[in-house]
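**Student:** based on what follows, work out the 3D shape:
(one chain, ligands or ions: 1)
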Amino acid sequence: MNYRPLGRTGWKVSEISFGAWAIGGAWGDVSDEDALAALHQAIDSGVNFIDTADVYGDGRSERLIARLKKARKEEIVVATKAGRRLPRQTVEGYSRQNLTGWIDDSLRNLSADTLDLLQLHCPPTELYSRPEVFALLDDFVKVGKIRYYGVSVETIDEALKAIDFPGVQTVQIIFNCFRQRPAEIFLPRAKQKQVGILARVPLASGLLTGKLRRDSTFPADDHRNFNRHGEAFDVGETFSGVDYDAGLAAVEEIRGLVPAGVTMSQFALRWILMNDAVTCAIPGGKRPEQVADNCRASGLPPLTSETMLAVQRIYDQLIRSLVHHRW
Ligand SMILES: NC(=O)c1ccc[n+]([C@@H]2O[C@H](COP(=O)([O-])OP(=O)(O)OC[C@H]3O[C@@H](n4cnc5c(N)ncnc54)[C@H](OP(=O)(O)O)[C@@H]3O)[C@@H](O)[C@H]2O)c1
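**Tutor:** Numbering: from 1, shown residues only. Just a heads-up that it's a prediction; the model follows:
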């Protein structure tokens, strides 16, 4: 496993890290046993950074991570998120009182005295024009409730505004073979400002593993069933907002580029790591085999410029018109 500096924090984190949404909820049934086995595999594979949120399984994901941390002696940095407990997203909801309550809940769930990294969880766009919210976060750092803070964003515009706030240490954004726009302006600017970048949904919710088919089905409590058209939250979080059939067609094109002995998941993750503004990709994983597979991406040789160009062409021809202008 290779490690990269997380912005200005001083931490060096695994370039393949772990996204802990699926082990919390909204991805069908995952037993505690499988979830913990996946987490332990991550640490065995060299992962030292985990992304979670207070709402993933209503604290379940955080509590599982606390159990992992208790069982392991390695240093593990945990990034959590707050804001999605609001019944309706408003800037006013990001008040000192609400933030204090959410932070305290996460501290309890994680059995921690300080949160390593707190991310605002896709707050409303207007919040990025409201410095008073970032001043509140600075206060939480001062009193030691959180070590650092960052944001998880939906759009490039939000990401660009976020990094104008000097206290923002990290931005989490969707960046993968099906979401290439961050590479144009945002990632170079984030690199210039030494902001850590967490590339989320790196496998386009499983599409970029190459295992999904037209007739694949998903359980009722899996967002790939219930949020296919953005019914519950931003549609961009499910299959990266790419129409399912169009995504499958593009996956077939990408399949032809994957070298022998490499899985498509590894290829998709290696593509992300080619961008040196990215700190880490945070693939989700429900079982140890998936996690081990994903972590092997870090040891792969760089993709050739011909391969990078070919992925760009597939994006331009089959995906760009579906997503590029939206996020
Ligand atoms: N708003 C936000 O801030 C936000 C939103 C979304 C995600 N995130 C973060 O980003 C992380 C990653 O995104 P994601 O979990 O949505 O999507 P993802 O990483 O693109 O896809 C993860 C899913 O793909 C399947 N998978 C993973 N590795 C595999 C492998 N090697 N082989 C076959 N299948 C594999 C698993 O599901 P199946 O086995 O069921 O197919 C897994 O749950 C999340 O866990 C979360 O931490 C944050």
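
**Student:** which residues in the stretch 201-327 of the chain form strands?
**Tutor:** With strands called from DSSP state E, counting those that start in this stretch, the stretch 201-327 of the chain shows them at 280-281.

**Student:** ok, the one residue sitting closest to the centre of the chain - contacts?
**Tutor:** Residue closest to the mean C-alpha point of the chain, counted by C-alpha atoms, centre = their mean, is Arg200 at 2.6 Å. By C-beta atoms under 8 Å, 6 or more residues apart in numbering, Arg200 lies in contact with Gly19, Asp51, Ser152, Gln172, Ile173, Ile174, Phe175, Ile282. C-beta coordinates here come from the backbone N, C-alpha and C atoms, glycine included.

**Student:** with those in mind, which one is nearest to the ligand?
**Tutor:** Gly19 (2.4 Å; C-beta to the nearest ligand atom).

**Student:** picking up where we left off before, so what's the residue nearest to the centre of the chain bridging to?
**Tutor:** Ile174 (DSSP bridges).

**Student:** which residues touch whatever residue of the stretch 201-327 of the chain ends up closest to the ligand?
**Tutor:** When distances are taken as C-beta to the nearest ligand atom, the stretch 201-327 of the chain reaches nearest to the ligand at Gly284, 2.6 Å away. Listed by C-beta under 8 Å, 6+ apart, the contact partners of Gly284 are Phe18, Gly19, Ala20, Trp21, Ala22, Ile23, Trp27, Leu203.

**Student:** give the contact list for the fourth one.
**Tutor:** Trp21 makes contacts with Trp27, Thr52, Ala53, Tyr56, Ser61, Gly284, as judged by C-beta under 8 Å, 6+ apart.

**Student:** out of the contacts of Gly284, which are inside strands?
**Tutor:** With strands defined by DSSP state E, the entries of these inside them are Phe18, Gly19.

**Student:** tell me the buried residues within the contacts of Gly284.
**Tutor:** Buried by 16 or more other C-beta atoms under 10 Å: Phe18, Gly19, Ala20, Trp21, Ala22, Ile23, Trp27, Leu203, out of the contacts of Gly284.

**Student:** by pLDDT, rank these and give me the bottom one.
**Tutor:** Least confident of those in the model: Trp27, at 91.

**Student:** for it, give the beta-bridge partners.
**Tutor:** Under the criterion used (DSSP bridges), Trp27 bridges to Asp222.

**Student:** I'd say it and Gln290 touch.
**Tutor:** No. Counting by C-beta atoms under 8 Å, Trp27 stays clear of Gln290, with 11.8 Å between them.

**Student:** quick one: mean pLDDT over stretch 39-55.
**Tutor:** Stretch 39-55 comes out at a mean pLDDT of 98.
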